[in-house]
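K.L.:
What would the 3D arrangement of this be:
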Amino acid sequence: MVIVVSGDIQPEAHERVKALGAIDFIKKPTSTEALTELLEKFGLYRAPEPSAAPATPARAPIIKKGEIGNIGTRDCMQEIANVAMGQAADLLARLLKVFVKLPIPNVNLLEVSELEMALSLTEQQDTYSAVCQGFIGSGISGEALLNFSDSSFGDIAKLLDYKGEVDRMVELELLMEVASILVGACTNGIAQQLDTTFSQGHPVVLGQHVKVSELIKANAKRWKKTLAIEITYEIENYNISCDLLLLFTEDSLDNLNKRLSYLMD
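P.N.:
Predicted structure coming up:
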């Protein structure tokens, strides 16, 4: 028996895993109660008889600044990003009536030079258009940077039923529309899991038809040491891809670590 637990909540994702033989699907984040109920439903678990209450476990220590790079914390942030990314993909899939392919998000604590190097490895020959939008809440702040492959504009215009020539102004409108969906849903998904809310600034266009490395160099002063979450979205059967980078400021790490520590407790 296979039960799939996933952050990919697209309706087609449910259909695909069940077609492959899964008996049920649980979306992340889940709870002990939901898992227990499902396992009992299929006869895979029976709750033990009540007994003396176990000793209260010691609270996990709050992670100190700088420890965001350790494996446990990084995995926790990766899980949070995975859930938020799935929520954003579900919105995009429903709007465009497509299936969005989702990889595992990359989470790392990077200097700007390291971020530039990591992005240049995947850049190849494509040029990109990019929009950036800030977010802040509960002592946590950062920016969401959406890099949209210029080769994707033709197909995204078709999916959004745009008629006419796709010039730079139209590309900008399409870029803003995709950004509003992915950035809004992803940052809101992260905020909900951290038990906070983020206020969002106005989106800012960083460039059109440029290399990713040029975007990073031109905005290096905005980002120093940063917690970077990289999420790549691709639409199946279409030439559409974009990278969403969530860049948390170094000053945010203390408050972010405290909230993560409660999730890891």
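K.L.:
Could you report the neighbour count for residue 28?
P.N.:
Summarising burial for residue 28: neighbours were counted as other CB atoms under 10 Å, giving 17. In this view, the C-beta of every residue, glycine as well, is placed from N, C-alpha and C.
K.L.:
distance of it from residue 17?
P.N.:
Relative to residue 17, residue 28 is positioned 14 Å away (criterion: CB to CB, to the nearest Å).
K.L.:
can you list residues touching both of the two?
P.N.:
Among the neighbours of residue 28, those also in contact with residue 17 (CB atoms under 8 Å, 6 or more residues apart in numbering) are residue 6.
K.L.:
Alpha carbons only: can I get whichever strand or helix holds residue 227 in PDB?
P.N.:
In this structure, residue 227 sits in strand 226-235 according to DSSP states H and E. Extracted as PDB, the C-alpha positions of strand 226-235 are listed here (Å, rounded to 0.1, in the frame of the first residue of the first chain):
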ATOM      1  CA  THR A 226      21.200  36.100   2.400                       C
ATOM      2  CA  LEU A 227      19.100  33.000   3.000                       C
ATOM      3  CA  ALA A 228      18.200  32.100  -0.600                       C
ATOM      4  CA  ILE A 229      15.400  29.800  -1.600                       C
ATOM      5  CA  GLU A 230      15.400  28.900  -5.300                       C
ATOM      6  CA  ILE A 231      12.200  27.400  -6.900                       C
ATOM      7  CA  THR A 232      12.000  26.500 -10.600                       C
ATOM      8  CA  TYR A 233       8.600  26.300 -12.200                       C
ATOM      9  CA  GLU A 234       8.100  24.700 -15.600                       C
ATOM     10  CA  ILE A 235       4.800  24.100 -17.400                       C
END
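K.L.:
Which parts of the stretch 151-265 of the chain are helices?
P.N.:
Counting by DSSP state H, counting those that start in this stretch, the segments of the stretch 151-265 of the chain that form helices are 153-159, 168-193, 212-218, 253-264.
K.L.:
what angle sits between the strand holding residue 227 and helix 168-193?
P.N.:
Between strand 226-235 and helix 168-193, the angle formed by their directions is 120 degrees, by axes from the mean of the first three to the mean of the last three CA atoms, to 10 degrees.
K.L.:
Start the count at 13 instead of 1 going forward.
P.N.:
All right, first residue 13 from here; so that's strand 238-247.
K.L.:
Strand 238-247 pairs with which strands, parallel or anti?
P.N.:
Counting by DSSP bridges, the strands paired with strand 238-247 are strand 112-113 (antiparallel), strand 118-122 (antiparallel), strand 253-260 (antiparallel).
K.L.:
chain center to the first one: distance?
P.N.:
In terms of CA atoms, centre = their mean, to the nearest Å, the centre of strand 112-113 is found 13 Å from the chain centre.
K.L.:
Can you name the residues bridging to residue 153?
P.N.:
Where residue 153 sits in a bridge, its partners, by DSSP bridges, are residue 148.
K.L.:
how is this protein carved up into domains?
P.N.:
By the record's domain assignment, the chain is partitioned as 13-69, 79-276 (automatic domain parsing).
K.L.:
what stretches of the stretch 113-262 of the chain score poorly on pLDDT?
P.N.:
For the stretch 113-262 of the chain, applying pLDDT under 70 flags the ranges 124-137, 224-236.
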